[in-house]
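> coordinates only, no sequence provided:
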């Protein structure tokens, strides 16, 4: 008892030894290293760097030692020595990539000012890895727990131009298939055939078509040359360039972030990546833009009322507080998100729900039919939909496709921060601002020139010929600055082909004869386009005849050669019955000769993926043939 006053006296002079340190982590080229782990040596405190390489951590004392680690880099130790800022430059490791501890997410309800996470789980347990310098998340695949869902794709076949002169389809600006295929290849597996949508692979890349003139929302470009995989056939490339609207001239936005916070989203490449992705988008907001946030797990709720772009801190804090857990009531979340968008509808602006999910709905309206009916009902409100897919192992690609197709929307698969930046920053206008909706194409082939044809890709976008003039029929939308590319493979008149099957002549109708070669002698086809204004109900028609002015493939544009290379790559990955003489080496040759204009480095990455596929094909590392409708 006599010592108690002495103890209090001593404690009154005691100063806490905890010390806060922050800084930036970069690689040897000075680029930020996102998702690097920063720990205090001998302690359990962990921080993780944000997309700018920034971290903040509280250590036990001024003499603490910080340990910096990241997959593919050498582990570094740095003494604090009383400094409030400690930066680190990560050096590439010579050893093969290994798994490291990955930081989890802050479970507290208080706002987090930076990307600073506390709870730790083992990367080995989750199987998630981040490859050095790539910004993409990869997985250590476990087929026993893989329930990814892909729809079966029945390839378009060759049709007779005499019997079927019209080909009608909706445009597709989605690019989710390419980033998903990239993820599969990076994990050391050839993708399932259902994951390979060739049109989305082609349209992942920006092509350099001329900007539209006058008041037209898009321009048209066509080229004709030999098919690289079948010299007897021709390829006709159709390119569309959407009008690019400067960011400052884009209409005000009413965004609703609809975020899946169910238990299936609790991993770094899901909710963690959703937060980081949307933080990039928040930085693009202007004063006139508004954001609301709706979340759903076992139930749906509004966690942020409409907040203007001037209050970015409030939006970011609301995102940072999100945690995952519970079942997935996706239908309820969609209904609340659209209700919120309608209540804050901007009659002269851009109204859009941005859905972030792995698509693994399991409570309430969850069947494909129920979800499609719900989305079809909600789209009538004039609210557009953007679907951002995340995750691996249970990713429901088939469901995401249906949601985007039925909801006047687009679909992207976010496999890392690089893809998030591409979709939400570099292509901000194209992803989130519609300049034309219900865009349809109808091609009429001249049977005097074309014996048969097939559309490469677009299998889930095909329309009946009567749908072209039907303004009630939904079709794809085009965003500001978007490019859309479609490729037809044609069989010229006079070429013997096993792809065209003969049928008996008709008894009760006059035999259809090809047009005389004197009629429209120079035209191979006529392309008709229909589209509506974003707020319009009546379509406009544009016609574009295409003359037979084909050249050798060496004389085609870089656009043509690269699109042909991507199409050929997709056919090989799908093991298409129409691949002819296609080979990965031909793909490489075409792509390398068309990769000069590659500021973003996407074409270089494509070439790397082809080389990876060559290695995998030699080892025949491909998933089982069960990767069709339903799950893998």
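Alright, I've got the coordinates. What you see is a predicted model; the values in this text were computed from it and never measured.
> so where does the residue nearest the centre of the chain fall, helix or strand?
Central residue of the chain (C-alpha atoms, centre = their mean): residue 412, 2.5 Å from the mean position. Taking DSSP states H and E as the definition, residue 412 sits inside strand 409-413.
> and that strand, what does it pack against?
Secondary-structure packing of strand 409-413 (3 or more C-beta pairs under 8 Å, 6 or more residues apart in numbering; DSSP states H and E): helix 176-186, strand 384-389, helix 397-406, strand 476-479. The C-beta positions use only the backbone N, C-alpha and C, and glycine is treated the same way.
> now with 10 Å?
Packing partners of strand 409-413 (3 or more C-beta pairs under 10 Å, 6 or more residues apart in numbering; DSSP states H and E): helix 176-186, helix 198-202, strand 350-357, strand 384-389, helix 397-406, helix 417-421, helix 428-432, strand 476-479.
> pull the contacting residues for the nearest residue to residue 577 once chain neighbours are set aside.
Spatially, and ignoring its direct neighbours in sequence, residue 577 is nearest to residue 155 (7.0 Å; C-beta to C-beta, 6 or more residues apart in numbering). Residue 155 sits next to 193, 198, 454-457, 459, 571, 574, 576-578 when contact means C-beta atoms under 10 Å, 6 or more residues apart in numbering.
> one more pass at 8 Å, please.
Counting by C-beta atoms under 8 Å, 6 or more residues apart in numbering, residue 155 touches 459, 574, 576-578.
> narrow those to just the buried residues.
459, 574, 576, 578 (16 or more other C-beta atoms under 10 Å).
> list just the nearest of those residues to residue 370.
Lowest distance from residue 370 to those (C-beta to C-beta) belongs to residue 459, with 24.0 Å.
> wait, that closest one sits on residue 153?
Yes: counting by C-beta atoms under 8 Å, residue 459 does reach residue 153; the two are 5.2 Å apart.
> what touches both of the two?
Each of residue 197 lies in contact with both residue 459 and residue 153 under the rule C-beta under 8 Å, 6+ apart.
> any regions of the chain where pLDDT drops low?
The model of the chain has pLDDT under 70 over residues 1-17, 51, 71-72, 93-145, 328-329, 361-368, 509-519, 620-632.
> go with 50
Where the chain drops to pLDDT under 50, the residues are 14-15, 95-134, 137-144, 363, 621-632.
> and the helices in it?
Secondary structure of the chain, counting by DSSP state H: helices at 4-12, 123-126, 176-186, 198-202, 273-282, 312-320, 330-343, 368-379, 397-406, 417-421, 428-432, 558-574, 584-592, 602-619.
> tell me which of those helices lies nearest to residue 249.
helix 428-432 (9.8 Å).
> what sits up against that closest one?
Taking C-beta under 8 Å, 6+ apart as the rule, helix 428-432 contacts 173, 242, 244-245, 247, 250, 253, 255, 281, 284, 350, 352, 354, 386, 410, 412, 423-424, 479-482.
> what subset of these is buried?
Taking 16+ other C-beta under 10 Å as the criterion, what is buried in the contacts of helix 428-432 is 173, 242, 245, 250, 253, 255, 281, 350, 352, 354, 386, 410, 412, 423-424, 479-482.
> counting neighbours, what do you get for residue 614?
15 (other C-beta atoms under 10 Å).
> if I look at it, how far off is residue 608?
11 Å (C-beta to C-beta, to the nearest Å).
> ok so, going back, switch the buried ones among the contacts of residue 155 over to CSV; also include distance to residue 270.
Formatted as CSV, these follow (distance: C-beta to C-beta, whole Å):
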residue, distance to residue 270
459, 29
574, 28
576, 33
578, 37
